[in-house]
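1. Take a look and give me a structure for this.
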Amino acid sequence: MSFGFMGIQFGFALQNANVSRIFETLGGTEIALYWLAAPVTGLLVQPVIGYLSDRTWNPIFGRRKPFFLVGAILASLSLLIMPNASVLWMAVGMLWILDTSINISMEPFRALVGDLLPSDQRTSGFAAQTFFIGVGAVVASSLPWIFNNWIGLPNTAPAGEIPPSVKWAFYSGGVVFFLAVLWTVIKTKEYPPEDLDEFKRENSETTFWQGVSETFLGIFKMPKTMLQLAFVQFFTWFALFAMWIFTTPAVTSHVYGTSDTTSKLYNEGADWVGICFAVYNGISAIFAFVLPVIAKKTNRRVTHLICLLIGGLGLISIFFISNPNMLLVSMIGVGIAWASILTMPYAILAGSLPAKRMGYYMGVFNFFIVIPQIVAGSLLDFINKNIFHGESIYVLVVGGCSMILAGFMTLMVRDVDEQ
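-> Numbering: from 1, shown residues only. Predicted coordinates:
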């Protein structure tokens, strides 16, 4: 059920660790702004995909599987094309397609776990997804470094060109993404709706405009638990986008002391960012097995609070580091938080959702990932240039504080399953 998420994370990790590097290589300066197109599209795509998947049933392909298969095909093609972008606008466009395609695949996977598992298994079910996410991200984040150090592909290139090690990392990711999702499609059996005749009748009686109305007005009828989690998600993902967008310029300038994208030192730093991202994802894969144990001893809300506090402190600690190897210690804290971010909010949310609208609300829940991405893309470049005077390391400190705030806000959330 969760194996395909390893492939999705190949695409997500390659995007997060390398796209800012590609933008800088092609001469981009408004890095955060370039990330905006994809999340804006996500605001429209996510509820539509969720609504359609709730109303889909095919005896062969099931309910959720057609959607993450189509997303996998589009994302894999994007991964093959992205590193061949020769101009900045092309790279930005491919990020838009790639990010949208990843989200088309990702949210039906979340709904699949909610569909097939009872409430007492959901924490373990989402933890299993987190394990495969961690495994996929470890390998994918390390690929440029692996191709450079083990295979000997250059990690530098003339000005305006993407290094061969990065290109082959994306090619490999495209293949793995598709094959891993295909495995889940073939091997996982979905259950039909409990009352198939009623399901068909509702679909036949729903007009196009009723569907549009339900898709966009249903947002205002979200369960209370979901609304409470929205605030937690906003500050959590604001911190994550600050990290993903600015870690490369922060580490290369603050730790390695260079901003020359053609220099060997810059590209060593950029490769090391990939290793750092691999480490936090590896920690999350391991810590995924610990989360259900902590949640059983305490509860899911307290578990999430503890993990976000550790992650926020990990991000802030990067400011005090001058030795690149010590960044791995910071990433341990981030990895613990990442494991919980991928598990606990979804486990809490699934218990509060009506079964026949699981996909729709999982899609809407993605709003609270997309909205902070839009805010981060709109504000962080301005803050970095005008307040921090280009010292990107301070953006990571802001991100750490945001994650800590999100941790404390978790205590306000009502966990229906817990009660």
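2. Determine the three-state secondary structure at the residue of the chain most remote from its centre.
-> Computed with CA atoms, centre = their mean, the maximum C-alpha offset from the centroid of the chain is found at residue 197, amounting to 36.8 Å. Classification of residue 197 using DSSP: H, G, I helix; E, B strand; the rest coil returns helix.
3. what's the spacing between it and residue 56?
-> 16 Å (CB to CB, to the nearest Å). No exception for glycine: its C-beta is placed from N, CA and C like everyone else's.
4. what does stretch 101-112 contact?
-> The set of residues external to stretch 101-112 that reach it, using CB atoms under 8 Å, 6 or more residues apart in numbering, is 1-2, 4-5, 8, 11-12, 15, 42, 45-46, 49-50, 53, 64-65, 67-68, 70-72, 74-75, 78, 126, 129, 181, 184, 188, 190, 346, 358-359, 362-363, 365-366.
5. Filter the residues you listed down to the ones in helices?
-> Counted as lying in helices by DSSP state H, out of these, are 4-5, 8, 11-12, 15, 42, 45-46, 49-50, 53, 65, 67-68, 70-72, 74-75, 78, 126, 129, 181, 184, 346, 358-359, 362-363, 365.
6. How confident was the prediction at the residue farthest from the centre of the chain?
-> What the model reports as pLDDT for residue 197 is 85.
7. The one 4 residues further on now?
-> Taken from the predicted model, the pLDDT recorded for residue 201 is 84.
8. 43 is where my numbering starts, stick with that
-> With 43 as the first residue, the last one maps to residue 243.
9. List the contacts of it.
-> Residues near residue 243 by CB under 8 Å, 6+ apart: none.
10. which SSE is it in?
-> helix 238-247 (DSSP states H and E).
11. Return the distance of that helix from the chain's centre.
-> Computed by CA atoms, centre = their mean, to the nearest Å, the chain-centroid distance of helix 238-247 equals 34 Å.
12. Poorly predicted segments of the stretch 243-392 of the chain, please.
-> 250-251, 254, 257 (pLDDT under 70).
13. repeat that with 90
-> Counting by pLDDT under 90, the stretch 243-392 of the chain contains low-confidence residues at 243-265, 283, 286-287, 290, 296-321, 323-324, 327, 363-364, 392.
14. Going by residue numbers, what spans are helices in it?
-> For the stretch 243-392 of the chain, the helices defined by DSSP state H, counting those that start in this stretch occupy 250-259, 266-296, 306-329, 333-339, 342-359, 369-383, 386-392.
15. Quick check: buried residues in the fourth one?
-> When you say that, I think you mean helix 333-339. 333-334, 336-337 (16 or more other CB atoms under 10 Å).
16. Tabulate these (JSON lines), appending distance to residue 302.
-> Formatted as JSON lines, the buried residues of helix 333-339 follow (distance: CB to CB, whole Å):
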{"residue": "333", "distance to residue 302": "42"}
{"residue": "334", "distance to residue 302": "47"}
{"residue": "336", "distance to residue 302": "44"}
{"residue": "337", "distance to residue 302": "47"}
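17. what's the farthest-apart pair in those residues?
-> Greatest spatial distance among the buried residues of helix 333-339 (CB to CB): 334 and 336, at 7.5 Å.
18. picking up where we left off before, can you pull the contacts of the residue farthest from the centre of the chain?
-> Contacts of residue 239 (CB under 8 Å, 6+ apart): none.
19. quick one on the thing from earlier: and residue 204, which of the helices of the stretch 243-392 of the chain is closest to it?
-> That would be, of the helices of the stretch 243-392 of the chain and by CB to CB, helix 306-329, which comes in at 11.2 Å.
20. so what secondary structure elements neighbour that closest one?
-> With contacts defined as 3 or more CB pairs under 8 Å, 6 or more residues apart in numbering; DSSP states H and E, helix 306-329 has these neighbours: helix 46-67, helix 164-191, helix 266-296, helix 369-383.
21. Out of the ones you listed, which one sits most buried?
-> Comparing the helices and strands packed on helix 306-329 by mean neighbour count (mean count of other CB atoms under 10 Å), helix 46-67 ranks first with a mean of 27.
22. Quick check: mean pLDDT of it?
-> Mean predicted lDDT for helix 46-67 stands at 86.
23. now it against helix 164-191, angle please.
-> Inter-element angle recorded for helix 46-67 and helix 164-191: 50 degrees (by axes from the mean of the first three to the mean of the last three CA atoms, to 10 degrees).
24. show me what contacts the residue nearest to residue 397 when sequence neighbours are not counted?
-> Of all residues not flanking residue 397 in the chain, residue 157 sits nearest, at 7.5 Å (CB to CB, 6 or more residues apart in numbering). Each residue near residue 157 by CB under 8 Å, 6+ apart is listed here: 105-106, 232-233, 397, 400.
25. May I ask which of those residues comes out lowest in pLDDT?
-> Ranking those by pLDDT, residue 397 lands last with 78.
26. what about that residue, distance to residue 236?
-> 8 Å.
27. residues near the residue lying closest to residue 403 once chain neighbours are set aside, how many?
-> Distance criterion CB to CB, 6+ apart; nearest residue to residue 403, sequence neighbours excluded, is residue 395 at 4.9 Å. Residue 395: 21 surrounding residues under other CB atoms under 10 Å.
28. now residue 87
-> Residues within reach of residue 87, counting by other CB under 10 Å, total 21.
29. what sits against it?
-> 142, 145-146.
30. And stretch 235-244, what's buried?
-> Buried residues in stretch 235-244 (16+ other CB under 10 Å): 235, 241.
31. Could you do stretch 429-448 as well?
-> With burial defined by 16+ other CB under 10 Å, the residues of stretch 429-448 counted as buried are 430, 433-442, 444-448.
32. so which of these comes closest to residue 285?
-> Using CB to CB, the shortest approach to residue 285 within these belongs to residue 441, at 5.4 Å.
33. quick one: that closest one and residue 418, what's the gap?
-> From residue 441 to residue 418 the distance is 9 Å (CB to CB).
34. now residue 180
-> In terms of CB to CB, residue 180 sits 25 Å off from residue 418.
35. same check, this time on residue 259
-> 28 Å.
36. Looking at these two, which is more packed in?
-> Taking neighbours as other CB under 10 Å, residue 259 and residue 418 compare with residue 418 leading, 29 against 9.
37. Excluding chain neighbours, give the residue nearest to the more buried one in space.
-> residue 283 (4.0 Å).
38. quick one: contacts for the one you found?
-> 77, 414-415, 418-419, 422, 441.
39. cutoff 10 Å now
-> The contact partners of residue 283, by CB atoms under 10 Å, 6 or more residues apart in numbering, come to 58, 74, 77, 81, 411, 414-419, 422, 437, 441, 444.
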